[in-house]
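Trainee: sequence unknown, structure follows:
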């Protein structure tokens, strides 16, 4: 039965699991590059590599975790054991910012990089199994969008709150100790949320059990890689992920060096995330009308337009810049919701169905993690080319005109170009038009037959 409507008692705890995921993505994504260059005096090129290299392993790691998750599902009927093991990521989260006081420069970068390697492994255990859940369930096209709508509202709220709370907890001009205190507090919230997510997955599986794979029928990495629709969707999402993580990593720099006040980082994050929270339910309704593919393309085009407005810089005035950031936030909501609800559609239409959900999701999260690494790296490369000078906490270094230009255009024009590439790649995905048209007919047939 694909017309099952999932109950709130399952949806709410499942969505709550995204709070922990939002904290993991947000705090390192926004603050780790800045922490390296402006607190630990790591040169931007070295800082970029310190964040990039640990994530290269994700290309292999996440699909491998997906295979293990599929095997666990086939063997025990659920994926929750890996999710439980992944909760240990909280320790790595704290370790990334708890850098010993005698480490600076390259040695500090090595410490952070090692903690990031461990964190990526543990986080993948949770994330891959969590995101495979929609494909495991016996639900239809629109219910997948509703499920991920709940999840996206929660994760966007968590990104907003974490992005606003983190600098407040760390304080003005924070040092390593302040960042460590921040991660201890957020880490406790992260752990509680991830445990709630495990409960939610269990309830969803009971509410809408999917069709188990036949004996000996197992999906695999090759099944995912051979799927043309999945390749097109993943390639576009990788480019989107690079773009979004670049924007998040660049916000503290844009606030301090372009707008002249580091305190405006919180304002920019709020202007980005609050519209994303408010418009996610609206995007669910838009997707019902237009379909997921068309809605996604509209959002990507809006993102390009907003980025070009931001390229005007401080001369445009703070109100206009905040409005442009809000447009990016509205677009961000759709660029998270639509692709994540399209992946289960691709899996359902694939040759192996649920049996390969973990493998598909493993490839997907590998792309997401790679984007998370490449985004800050691309921005750090822009800073390096512009001649940006790193510093330690409490030290304020004057930057050259070239460095200031790199801060501005790396945050604006580079994302606009990347998102244009994502649009070109996204147009190669053609599954949604048929799925969107067929969904209402399928529900009507089931109601008539029931």
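Mentor: It's in. Values in this document were obtained by computation on a predicted structure and should not be read as measured data.
Trainee: Tell me, how many residues neighbour residue 319?
Mentor: When neighbours are counted by other Cβ atoms under 10 Å, residue 319 registers 8. No exception for glycine: its C-beta is placed from N, CA and C like everyone else's.
Trainee: how near is it to residue 325?
Mentor: Distance, residue 319 to residue 325, by Cβ to Cβ, to the nearest Å: 11 Å.
Trainee: got it, and residue 266?
Mentor: For residue 266, the distance to residue 325 (Cβ to Cβ) stands at 12 Å.
Trainee: Looking at these two, which has the bigger crowd around it?
Mentor: For residue 266 and residue 325, the more surrounded residue by other Cβ under 10 Å is residue 325, and the numbers stand at 24 against 18.
Trainee: which residues of the stretch 1-150 of the chain score low on pLDDT?
Mentor: 1-3 (pLDDT under 70).
Trainee: give me the low-pLDDT residue ranges for the stretch 151-300 of the chain?
Mentor: For the stretch 151-300 of the chain (pLDDT under 70), the answer is 210-223.
Trainee: So which residues of it form helices?
Mentor: 176-207, 221-225, 228-253, 264-290, 292-310 (DSSP state H, counting those that start in this stretch).
Trainee: mind checking which of the ones you listed is nearest residue 386?
Mentor: helix 228-253 (10.7 Å; Cβ to Cβ).
Trainee: what's the angle from the closest one to helix 264-290?
Mentor: 160 degrees (axes from the mean of the first three to the mean of the last three Cα atoms, to 10 degrees).
Trainee: Buried residues in helix 228-253, which are they?
Mentor: For helix 228-253, a neighbour-count test (16 or more other Cβ atoms under 10 Å) marks 229-253 as buried.
Trainee: What are the neighbouring residues in contact with residue 238?
Mentor: 367-368, 370-371 (Cβ atoms under 8 Å, 6 or more residues apart in numbering).
Trainee: at 6 Å instead, please
Mentor: 367, 371 (Cβ atoms under 6 Å, 6 or more residues apart in numbering).
Trainee: Can you pull out the residues in contact with stretch 25-45?
Mentor: Residues contacting stretch 25-45 (Cβ under 6 Å, 6+ apart): 47, 104-105, 108-109, 159, 162-163, 166, 245, 248-249, 252, 376, 380, 383-384, 388, 390-393.
Trainee: now that stretch: how far from the chain's centre is it?
Mentor: From the chain centre to the centre of stretch 25-45 is a distance of 18 Å (Cα atoms, centre = their mean, to the nearest Å).
Trainee: Separate out the buried members of the contacts of stretch 25-45.
Mentor: By neighbour count, with 16+ other Cβ under 10 Å, these hold 47, 104-105, 108-109, 159, 162-163, 166, 245, 248-249, 252, 376, 380, 383-384, 388, 390, 393 as buried.
Trainee: contacting residues around stretch 303-315?
Mentor: Outside stretch 303-315, the residues within contact range by Cβ under 6 Å, 6+ apart are 258-259, 324, 327-328, 331, 408, 412-413, 415-416, 419-420.
Trainee: which one of those sits closest to residue 224?
Mentor: Using Cβ to Cβ, these come closest to residue 224 at residue 419, 24.8 Å.
Trainee: Just to check, that closest one is in contact with residue 241?
Mentor: No. Contact criterion Cβ atoms under 6 Å: residue 419 and residue 241 do not qualify, at 11.2 Å.
Trainee: what's around residue 227, how many residues?
Mentor: So residue 227, with other Cβ under 10 Å, has 22 neighbours.
Trainee: Please disregard the earlier target; I meant residue 267.
Mentor: 18.
Trainee: where does the closest residue to it other than its chain neighbours land on pLDDT?
Mentor: Nearest residue to residue 267 in three dimensions, chain neighbours excluded: residue 322, at 7.0 Å (Cβ to Cβ, 6 or more residues apart in numbering). The score at residue 322 is 95. That number is its pLDDT.
Trainee: Now do residue 322 against residue 304, distance only.
Mentor: 18 Å.
Trainee: Which strands or helices does the helix or strand hosting residue 380 pack on?
Mentor: Residue 380 belongs to helix 357-386 when assigned by DSSP states H and E. Applying 3 or more Cβ pairs under 6 Å, 6 or more residues apart in numbering; DSSP states H and E, we find helix 357-386 packed against helix 44-56, helix 58-76, helix 105-136, helix 221-225, helix 228-253, helix 318-349, helix 401-426.
Trainee: and of those helices, who's closest to residue 23?
Mentor: Counting by Cβ to Cβ, residue 23 lies closest to helix 105-136 out of the helices and strands packed on helix 357-386; the figure is 10.8 Å.
Trainee: If we go by neighbour counts, what in the closest one is buried?
Mentor: 105, 108-109, 111-113, 115-136.
Trainee: what's the neighbour count on residue 5?
Mentor: Around residue 5 there are 11 residues (other Cβ under 10 Å).
Trainee: The helix holding residue 380 to helix 318-349, inter-axis angle?
Mentor: Between helix 357-386 and helix 318-349, the angle comes out at 150 degrees (the same axes, to 10 degrees).
Trainee: Direction-wise, compare helix 357-386 with helix 44-56 and give the angle.
Mentor: Inter-element angle recorded for helix 357-386 and helix 44-56: 170 degrees (by the same axes, to 10 degrees).
Trainee: tilt between helix 357-386 and helix 401-426?
Mentor: Using the same axes, to 10 degrees: helix 357-386 against helix 401-426 is 150 degrees.
Trainee: mind listing what residue 233 touches?
Mentor: Contacts for residue 233 (Cβ under 6 Å, 6+ apart) come out as 342, 429.
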